[in-house]
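Trainee: everything below, folded, please.
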Amino acid sequence: MTTVADKIIVALDVATKEKALELVEQLRGEISFFKIGLQLYTAEGPEIVRTVLATGAKVWLDLKLYDIPNTVARAVESASTLGVQMLTIHLSGGSEMIRAATAARPSDMLLLGVTVLTSATEQTLREIGITDAVEDQVLRLARLGAEAGIDGVVASPREIKPLRLEFGDRIKIAVQGIRPSWAEPGDQKRFMTPRQAIEAGADYIGIGRPITAHSQPREAVAKILGELAA
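Mentor: Numbers count the residues shown, from 1 in each chain. Predicted coordinates for the structure are as follows:
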């Protein structure tokens with residue numbers, strides 16, 4: 001049975017294996033799913049994935065793959081041998097790249113497509129030649145991913161409702177840009193509180209700095225769970 005805590009994925013956005021494992025150990029019993037992104041993976045390599053998995057935790061490997069189709073397919077295969085539960089690619093790589101990735105994934109790994117980064121605004125899109133509103137671009141890329149067989153998408157919480165309206169439960173929705181009511185937004189432009197995101201229909205919510213930068217990470221998780229239960 002899925003609980004609210006099962007929907008929370010803590011981002012291990014730290015520089016070393018020691019710090020990452022310290023967080024996993026501190027949060028054991030409350031959180032079972034962790035995200036390993038570019039910072040930690042670049043510092044420690046695939047061994048950090050194996051080490052976190054060996055604790056009994058699940059791993060979202062958030063590498064946002066974006067390359068020629070064959071290279072992305074081979075990277076998906078490599079990630080699958082690690083045993084991760086979720087992996088990300090960039091949907092802006094196009095349908096050929098997405099299909100290559102979905103063909104290479106195993107059935108027990110969710111392949112998620114990144115739409116528009118949560119730090120991006122319409123000005124960001126203009127800078128790269130996209131004239132549509134952020135929501136329209138998110139939906140366009142989500143349609144592209146769904147047609148190519150993606151399992152789910154990554155978006156900001158602001159796009160949960162339009163994504164659910166269009167796709168229903170056909171795809172998973174994982175959101176980043178989550179900030180509890182007591183946390184600073186930082187560089188996130190399109191954010192919501194955990195409770196707002198869950199109520200809007202998110203399957204997974206990724207939370208990083210409000211937990212990992214907190215002086216007492218377990219206390220931060222307890223506050224978030226309390227906010228969700230209120």
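
Trainee: can you map out the helices along the chain?
Mentor: In the chain, helices defined by DSSP state H lie at 17-27, 38-44, 46-54, 69-82, 95-104, 122-127, 134-147, 160-167, 194-200, 209-212, 217-229, listed in chain order.

Trainee: could I get these as TSV with distance to Val116 and mean neighbour count?
Mentor: In this view, the C-beta of every residue, glycine as well, is placed from N, C-alpha and C. Conversion of those to TSV gives the following (distance: least, Cβ to Cβ, whole Å; neighbours: other Cβ atoms under 10 Å):
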stretch	distance to Val116	mean neighbour count
helix 17-27	27	16
helix 38-44	17	16
helix 46-54	26	16
helix 69-82	19	16
helix 95-104	16	19
helix 122-127	7	13
helix 134-147	5	20
helix 160-167	12	16
helix 194-200	16	20
helix 209-212	20	21
helix 217-229	25	17
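
Trainee: nearest to Thr3, out of the ones you listed?
Mentor: Thr3 lies closest, by Cβ to Cβ, to one member of the helices of the chain: helix 217-229, at 9.5 Å.

Trainee: report the distance from that closest one to the chain centre.
Mentor: On the basis of Cα atoms, centre = their mean, to the nearest Å, helix 217-229 sits 19 Å off its chain's mean C-alpha point.

Trainee: rewinding a little: next, format the helices of the chain as CSV and append mean pLDDT.
Mentor: Output for these, formatted as CSV (pLDDT from 0 to 100):
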stretch, mean pLDDT
helix 17-27, 95
helix 38-44, 96
helix 46-54, 98
helix 69-82, 97
helix 95-104, 98
helix 122-127, 95
helix 134-147, 97
helix 160-167, 96
helix 194-200, 90
helix 209-212, 88
helix 217-229, 88
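
Trainee: can you tell which of those helices is closest to Gly113?
Mentor: Using Cβ to Cβ as the measure, helix 134-147 is the one of these that comes nearest Gly113, at 3.9 Å.

Trainee: list the strands paired with whichever strand in the chain runs longest, with their directions.
Mentor: In the chain, taking DSSP state E as the definition, the longest strand is strand 58-65. Paired neighbours of strand 58-65 in the sheet (DSSP bridges): strand 33-36 (parallel), strand 86-90 (parallel).

Trainee: for stretch 105-120, measure first residue to last.
Mentor: Stretch 105-120 has its terminal residues 28 Å apart, counting by Cα to Cα, to the nearest Å.

Trainee: now that stretch: buried residues?
Mentor: Taking 16 or more other Cβ atoms under 10 Å as the neighbour-count basis, stretch 105-120 is seen to contain the buried residues Arg105, Met109, Leu110, Leu111, Leu112, Gly113, Val114, Thr115, Val116, Leu117, Thr118, Ala120.
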